[in-house]
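Visitor: Provided below for reference: sequence and predicted model.
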Amino acid sequence: MKYALLAQVLALLEEFEATASQSAAAHSPSVEAFTAWLQLRVPPPTGALRVAREEPGELEEDEVVIGQMVTFLYRYLRGYSRLALADSPLLTYDDFTYLATTFGYQPLTKADLIRRNIHETPTGNEIIKRLLAKGFVAEQPSATDRRSKLLTVTPAGQGVLFASFGPMTQLAHLTAGNLTPFERKQLVYLLQKLDAFHHPIFAGSRPDTFGELIARHLPPMDTPAASAADHAALPAEPGPANQPA
């Protein structure tokens with residue numbers, strides 16, 4: 001039996017223990033912590049995942065690729081949603097999410113509904129106007145704030161919403177694509193972490209210039225120890241005994 005791979009793993013494990021001795025991981029060494037460190041030390045091959053495009057660009061930095069892929073994924077989702085809602089009076093994916101959010105949290109003020117959907121006020125108001133015009137939501141004065149109106153879903157809106165749940169659930173599964181259950185949990189964790197970073201910026205008092213935005217919110221570069229500790233928070237991949245059948 002050849003042990004070349006085992007020798008490589010042992011060398012990496014030795015390197016991990018040396019690195020971990022300088023961080024909190026030294027107090028609780030685990031397979032999960034080693035796995036998280038290994039993901040940073042030996043990144044998975046990406047060449048096989050590259051999509052052939054008409055004008056392939058040079059290798060971009062990870063941060064650039066993240067922005068591109070998030071944008072592309074959103075565009076895929078919007079394109080699929082037009083087909084999913086083809087037989088629905090809801091015109092766009094945003095119409096569905098606004099109606100679903102109102103149903104889940106009603107009564108809601110317009111400002112709260114827009115805030116929950118991460119839109120600028122003019123864009124959100126246009127979506128709400130469409131739902132009001134179609135009779136899918138109704139508005140009534142707030143008992144505590146004369147300046148606000150509360151939105152609720154009408155019986156007609158509830159019928160349209162419930163009829164859309166089936167295709168929109170299928171759309172959600174299509175969006176997750178060919179990711180394994182473990183990969184989905186990893187992606188959920190990472191996306192929620194990004195949302196936790198960006199949402200306070202969106203909801204708070206934003207600066208007037210991009211330069212101020214960068215100076216205030218651009219995070220410092222991660223140190224290797226910090227990155228390894230942070231990745232240890234990722235969901236641990238199940239072992240062979242815990243793999244789904």
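Guide: Nice, thanks for sending it over.

Visitor: now the strands for the protein?
Guide: 108-109, 137-141, 149-153 (DSSP state E).

Visitor: mind putting those in TSV, mean pLDDT included?
Guide: Putting these into TSV (pLDDT from 0 to 100) gives the following:
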stretch	mean pLDDT
strand 108-109	93
strand 137-141	93
strand 149-153	94
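
Visitor: what's the domain layout of this protein?
Guide: Here the domain assignment for the chain is 72-175, 178-229, based on automatic domain parsing.

Visitor: so for the shortest one, what's the average pLDDT?
Guide: With pLDDT averaged residue by residue, domain 178-229 scores 82.

Visitor: Stretch 154-165 now?
Guide: The model assigns stretch 154-165 a mean pLDDT of 96.

Visitor: and the spatially closest residue to Leu161 that is not a sequence neighbour, how far is that from Arg184?
Guide: Leaving aside its chain neighbours, Leu161 sits nearest to Leu99 (5.1 Å; criterion: Cβ to Cβ, 6 or more residues apart in numbering). (Glycine included, C-beta is placed from N, CA and C.) Per Cβ to Cβ, to the nearest Å, Leu99 is found 26 Å from Arg184.

Visitor: that older thread, how about the strands of the chain, which one is nearest Pro219?
Guide: strand 108-109 (32.2 Å; Cβ to Cβ).

Visitor: Taking the centroid of the chain, which residue is nearest it?
Guide: When the chain is reduced to its mean C-alpha position, the nearest residue by Cα atoms, centre = their mean turns out to be Leu191, at 3.4 Å.

Visitor: and it, how far is that from Ile214?
Guide: Relative to Ile214, Leu191 is positioned 22 Å away (Cβ to Cβ).

Visitor: now Leu6
Guide: Counting by Cβ to Cβ, the gap from Leu6 to Ile214 is 46 Å.

Visitor: pLDDT at Glu15, what is it?
Guide: 80.

Visitor: what do you get for Pro56?
Guide: With respect to pLDDT, Pro56 scores 50.

Visitor: The one 3 residues further on now?
Guide: Leu59 carries a pLDDT value of 58.
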